[in-house]
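S.K.: Next one to model:
(one chain, ligands or ions: 1)
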Amino acid sequence: MAQRYVRVQNQEGQIYYGLLQLSLNVQVLDAPPWLQGQPTDLTLTPENYQIMAPCAPSKIVAVGKNYADHAAEMGTSVPSEPLIFLKPPTSIIPSETEIKCPPHSQRVDYEGELAVVIGDRTFDCTPEEAQTKIWGYTIANDVTARDLQKRDGQWTRAKGFDTFCPLGPWIVRELNPGARLQTFLNDEPNPVQSACIDQMVFAPDFLVSYISQVMTLLPGDLVLTGTPFGVGPLLIGDRVRVEIEGIGRLENIVAAR
Ligand code: MG
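M.R.: Numbering: from 1, shown residues only. Predicted structure coming up:
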């Protein structure tokens, strides 16, 4: 199994980056791994930590309509260049916690996505250089108030509510380019979304290069690479699970705020 990089909180509220071992113990690092964090002597046993989202980015840059079949289901074509928007870092929640539907929206959708974690300060890089700036990969759910997205035109409110970016549960360094992304609701055996990540219109290295022409990406920042066909609503009480082969599964419960 690939090395799993986690971020955890102990019972005193102290936050650590670490390596998740097969025993589920966490070997603590002395810094974020993309800042050359090294293993320490401290190991946390499962009853002594809570899993957090695996990074704490300065910003989350997300990409719209990056799978052709999803653009079609939204009634649009694929953009000729990446369509980017921001989600606030305050929208992040870890796996196994609650997505809180706000009273402002009657239609909150899941969007399962591959998330790319940036490892280096990155400005104005080429796609080739971007490959060395991508530190690892995790799973995100770009939760969206679809009614507000349509009503506002701007996407900040629809995409920006607290809890609208489930993330994790951990980061891996390598990913098979043909890995499958799937989203499941409750105990349904059939996924509501299923696509290989190589069906993306703009690949992760191109996206990182494109975004870096606009803004400096910092270590720990996130790029959400877009969702495939099959978006749909979440109802109070639902459990939503996004899986990516070679990473794991991100699962959250839907609740009213
Ligand atoms: Mg999305």
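
S.K.: Spit out the contact partners of the residue in the chain that the ion sits nearest to.
M.R.: Residue nearest to the ion within the chain (CB to the ion): residue 142, separated by 3.4 Å. All C-beta atoms are positioned from the backbone trio N, CA, C, and that covers glycine. For residue 142, the contacting residues are 62, 87, 111, 113, 159, 164, 165, 224, 227, by CB atoms under 8 Å, 6 or more residues apart in numbering.

S.K.: ok, the residues you listed vs residue 25, which is closest?
M.R.: residue 165 (27.6 Å; CB to CB).

S.K.: Let me see the contact set for that closest one.
M.R.: Applying CB under 8 Å, 6+ apart, the residues near residue 165 are 60, 87, 91, 92, 93, 140, 141, 142, 143, 224.

S.K.: Domain parsing of the protein, as residue ranges.
M.R.: 4-51, 60-256 (automatic domain parsing).

S.K.: Just the terminal-to-terminal distance for the last one.
M.R.: Across domain 60-256, the straight-line distance between its terminal residues is 24 Å, by CA to CA, to the nearest Å.

S.K.: and the nearest residue to residue 216 once chain neighbours are set aside, how many neighbours does it have?
M.R.: Leaving aside its sequence neighbours, residue 216 sits nearest to residue 123 (CB to CB, 6 or more residues apart in numbering; 4.5 Å). Residue 123 has 11 neighbours, counted by other CB atoms under 10 Å.

S.K.: Could you do residue 126 as well?
M.R.: When neighbours are counted by other CB under 10 Å, residue 126 comes out with 12.

S.K.: picking up where we left off before, go through the domains of the chain and pick out the most buried.
M.R.: Highest mean neighbour count among the domains of the chain (mean count of other CB atoms under 10 Å): domain 60-256, with a mean of 19.
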